[in-house]
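K.L.:
coords please:
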Amino acid sequence: MSNITSSIELRTLKQILRDSGVRQEDLAKEIGISQEQLSRILNGKTDSRSEVAQILMKKYAHKLEPEIIKTQCQSKITEAALALWDGTPSSAEKIISFLISARNICGIK
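P.N.:
This next block holds a predicted model:
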């Protein structure tokens, strides 16, 4: 992942900053921009390939990539489950039961 390009990545980066207790004001000062500019970048209102976005990426890539992969996997799992579902409560219960059984067979807690 060479640059921040998607809204998912930006949302994930915002969450990582929040979870890490990093204040936008402090981070903006550290990288030499205003808090307002940082906010615009994190909200996707500026070019995500900007130099500042790249600085953020380098600083947080080690935390960002696993979260992006997790989000992508969650989306794929949801899509797969929804593809099986016919929209009825009965079908939903069968899918849920199947997934719980699969978890137990795989030894996943």
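
K.L.:
Can you pull up the most central residue in the chain?
P.N.:
The chain has Thr12 as the residue nearest its centroid, 3.7 Å off, counting by C-alpha atoms, centre = their mean.

K.L.:
residues in contact with the helix or strand Ile95 falls within?
P.N.:
Using DSSP states H and E, Ile95 sits in helix 89-106. Among residues not part of helix 89-106, those counted as contacts by C-beta atoms under 8 Å, 6 or more residues apart in numbering are Ala81, Leu84, Trp85. No exception for glycine: its C-beta is placed from N, CA and C like everyone else's.

K.L.:
The first one: neighbouring residues, count only.
P.N.:
Residues contacting Ala81 under the criterion other C-beta atoms under 10 Å number 14.

K.L.:
How about it: what's its closest non-neighbour residue?
P.N.:
Ile95 (5.8 Å; C-beta to C-beta, 6 or more residues apart in numbering).

K.L.:
and if you look at Leu17?
P.N.:
Spatial nearest neighbour of Leu17, excluding adjacent residues (C-beta to C-beta, 6+ apart): Leu27 at 6.8 Å.

K.L.:
and that neighbour, helix, strand or coil?
P.N.:
When the structure is reduced to helix, strand and coil (DSSP: H, G, I helix; E, B strand; the rest coil), Leu27 reads as helix.

K.L.:
Against Asn104, how distant is it?
P.N.:
43 Å (C-beta to C-beta, to the nearest Å).

K.L.:
Can you give me the end-to-end span of stretch 82-92?
P.N.:
This stretch, stretch 82-92, spans 9 Å end to end (C-alpha to C-alpha, to the nearest Å).

K.L.:
Begin at 35, not 1, for the rest of this chat.
P.N.:
Yes, from this point I'll number from 35; that puts the last item at stretch 116-126.

K.L.:
how far out from the middle of the chain is that stretch?
P.N.:
Centre-to-centre, stretch 116-126 and its host chain are 26 Å apart (C-alpha atoms, centre = their mean, to the nearest Å).
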